[in-house]
Every structure is written in C-alpha cells, then in structure tokens.
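**Q** Build me a structure from this.
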Amino acid sequence: MTRIYLDNAATTTLDPEVLEAMMPFLTEKFGNPSSVYSYGRETKMAIELARKSVAKALNANPGEIFFTSGGTESTNTAINASIRDLGCGHIITSTIEHHATLHTVEYLEHSKQARLSYVNLTEKGHVDLNHLEELLASSHERTLVTLMHANNEIGNLLDIKAVSELCKKYDAIFHSDTVQTVGHYPFDLKNLHIHFINGAGHKFHGPKGVGIMYVNENITIKPYLNGGSQERNMRAGTENLYGIVGFAKALEMANNRYLLDSAYISELKSYMADQLEANFPAVKFNGDTRGNSLYTVLNASFPMNEKSDMLLFNLDMAGICVSGGSACTSGANSVSHVIKAIYNGQAASLVPIRFSFCKHNTKAEIDTVINKLKELI
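**A** Okay, here's the model as predicted:
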C-alpha cells in the first residue's frame, strides 16, 4: 500500500542533499570538536561554518546562534533564563502555545517564580494585540512575552513585528517559538526587537534532534545545561556534529527555495481547502485559514458522528498520515488544548484533522485523500 504523508508540521523527510552534507561527519570526520588535534579542529570548523550559515540565513550575528537539541530545549532555556537572569517577574503567553511553553510557564507560576497572564484571543484565534498592550501597561515588574510565531495546530501567524514593538515600548523581554516558521519564512533578526527565537531542523527537511536558539547580543544569560564549555560556555555537552551540519544545509536550501516552495505549497493548501468545502458542506476550518495563516498547515473539523468518530484511525488504516485534535483509536474523544481554546471549550462535537504539506506533496495525493474521506464520512 502506497502511503500518503500529510503531517509535515510534525516532521519532514530528510532531504538527500542534507544527508550527503552530513555523511562525512558520520564517517571519516568523527573527531570531538573540543579536541585540539586535527580530527577535532576540522569538526570544530564545520560547526562554526554552520553557525555562520545559519546566522546569514536569519540576518543575525554568528555569536547570537547557539545549537541545541531542538525547539523544546531552546524554549525552556529562553523562558527560564528570562526569569532567572533577566529579572522578569511576570510572564504573558497564550492558551494555544506549544506545551514546551505552556508546561514551562505553568511550572514557574506554580513554584512562585513568576506571575502568569494569558492574553485574549480573537474570534479567529489570533492574539488580541490590544489586550496584550493592556497587560504590558499594567505590569509592575519586568515582563516576558512568549508567543509562538505560527501555531503548530491551526497555523495562525502572529504579527511578530507588532508584538516586538510593543515589547520595546514596555521594556519587555520577547521570546517567540518559531519552530514552524524557521525554514519556511525569511527572517531579519537584526531589524526586529526580539530577544529569543528557536528552530528545529526536522521541520524543514533537516535531521531530528538538532535545533537552534537565537539569543540577542544585547542580553546576557547563563547556561541551562552545565558541565562543559561547549557552545561558547552556553550549552554543555558534546555537540551533535552531523546534526548541526545538516541543520545548516537544510536551512540554506530552504531559504534559497523559499519563493518557489512557498508558492507551490500555498497552492496545495488552497486546493485542499477548496476540495473540502466542495465535497463536505459541514466542514469547518479552524483558525484563520484563508487569512494570516501558515501556508503549510490546514486544520479542518468534521461534525462528530458514528462515521467520523474513528476518522484518524481509519485514514491511517488507508495509508493516509495526518494528525488531529481528536485521537480516536478506541472511540474516546480527546480534543487538543488549542482546539478547546479557540472554541472556548465547546469542541466536543468536532473531529479536527490537521493536514500539513511540503514540497513533495501533490494535487493527486490530495484527490486521493478527498476520495477516501468521501468513503469514510
């Protein structure tokens, strides 16, 4: 059975060119980058060349780029450092953030290390910028604003420039989880008032287990992981050498292909949305699908009934890989926190499915998925 993969927001295939760039560091170039002899020096040089490449892609300085294990570690580092090292006593976030953010800020609140506020959402699930300014204006301590650039479930895009200007106005620290947008959009960090962003290689055809954290050069934080002097004394532990090389290569390729790939994938998303509307009158899109939305993600809800109850499971059995807020393998409905938040908890009657696309998907695959959905529903 030929499988159709439409869960690219979860992870993407490793590009063959990325693997080719990684292979020497999986074989003959195996030295520990901290070693002083030639094996170590050549791998250390590879890491620094990768750092320069990433910095160039994001329009940042190489000294602001730190390699990590991925988005979750970077988010944890940024949030904890803001409280511990940058004097933030108040955190503003939203209820639709990734759990890497939500669980971290909830822990800091429960341990009484910071006060926590949630910004309101608009009807379409965007951050209410007026309410954000109200929260910032009324804060009596330095504030950390942590809001994701693109929501990983519904695709809504944050006006990152507007939020950065508000944070500048109120002297707030700004962290944005950019895992879904690094590798999918151009960044100009030198001209953006932001203190932390993060990325993960596997979201744009790079390797898993490697990510970045951008730390603005105007702030100073302490390591989150201690025990070594790697990453310029910022992150202890032997570097993921081949992962770092792969991350840089994947990001370079993604930036070079941005205009071509984004146009193609946007067309796929629009085509699928049109086909869903044409064939399923009761379908409902979650988030600002036709507006300010990530071009790789389409989240659609079908009414809950005896046919749709096992939809994710049945699509999987048909070789169609998607994800959703409703994981129904035993008939038990579990709606994600994002879907619950945008519907104010009134989401039990919906079966949400996230379709997420990449440059390898085709309209023929979408037609196959639509036909299978017509059989199942």
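**Q** where along the stretch 51-200 of the chain do the helices fall?
**A** Using DSSP state H, counting those that start in this stretch, the helices found in the stretch 51-200 of the chain span residues 71-84, 99-110, 129-138, 160-169.
**Q** Redo these as JSON lines? Include distance to Ile194, mean pLDDT and mean neighbour count.
**A** The way it works is simple: take the backbone N, C-alpha and C, and place the C-beta from them, glycine included. JSON lines is the format used below for those (distance: least, Cβ to Cβ, whole Å; pLDDT from 0 to 100; neighbours: other Cβ atoms under 10 Å):
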{"stretch": "helix 71-84", "distance to Ile194": "11", "mean pLDDT": "98", "mean neighbour count": "23"}
{"stretch": "helix 99-110", "distance to Ile194": "15", "mean pLDDT": "98", "mean neighbour count": "17"}
{"stretch": "helix 129-138", "distance to Ile194": "15", "mean pLDDT": "98", "mean neighbour count": "16"}
{"stretch": "helix 160-169", "distance to Ile194": "5", "mean pLDDT": "98", "mean neighbour count": "17"}
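**Q** Now distance to Ala364 too, for those helices, in TSV please.
**A** Formatted as TSV, the helices of the stretch 51-200 of the chain follow (distance: least, Cβ to Cβ, whole Å):
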stretch	distance to Ala364
helix 71-84	32
helix 99-110	35
helix 129-138	41
helix 160-169	35
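**Q** Tell me which of those sits nearest to Ile244.
**A** Ranking the helices of the stretch 51-200 of the chain by their distance to Ile244 (criterion: Cβ to Cβ) puts helix 71-84 first, at 13.7 Å.
**Q** Point out where the stretch 201-350 of the chain drops to low pLDDT.
**A** Where the stretch 201-350 of the chain drops to pLDDT under 70, the residues are 325-334.
**Q** at 90 what do you get?
**A** Within the stretch 201-350 of the chain, the stretches with pLDDT under 90 are 304-309, 324-335, 344-350.
**Q** picking that back up, looking at the helices of the stretch 51-200 of the chain, which is closest to Glu375?
**A** It is, among the helices of the stretch 51-200 of the chain and with distance given as Cβ to Cβ, helix 99-110, at 33.9 Å.
**Q** Pick out the residue nearest the middle of this structure.
**A** Against the mean C-alpha coordinate of the chain, by Cα atoms, centre = their mean, the closest residue is Val179 at 2.6 Å.
**Q** Could you list which residues are in contact with the residue lying closest to that one once chain neighbours are set aside?
**A** Closest residue to Val179 in three dimensions, ignoring its sequence neighbours and counting by Cβ to Cβ, 6 or more residues apart in numbering: Gly71, at 3.9 Å. Going by Cβ atoms under 8 Å, 6 or more residues apart in numbering, Gly71 touches 98, 100, 177, 179, 198-200, 211.
**Q** What are the buried residues along stretch 200-217?
**A** 200-208, 210-216 (16 or more other Cβ atoms under 10 Å).
**Q** Which of the residues you listed fall within strands?
**A** Among the buried residues of stretch 200-217, DSSP state E puts 200, 211-215 in strands.
**Q** which one of those residues is nearest Glu306?
**A** Ala200 (38.2 Å).
**Q** my guess is that closest one contacts Thr68, does it?
**A** No - with contact defined as Cβ atoms under 8 Å, Ala200 does not count as touching Thr68 (9.0 Å).
**Q** how near is the nearest residue to Cys358 once chain neighbours are set aside to Arg41?
**A** In this structure, Cys358 finds its nearest non-sequential neighbour in Asn8, 4.2 Å apart by Cβ to Cβ, 6+ apart. For Asn8, the distance to Arg41 equals 37 Å [Cβ to Cβ, to the nearest Å].
**Q** try Asn240
**A** 18 Å.
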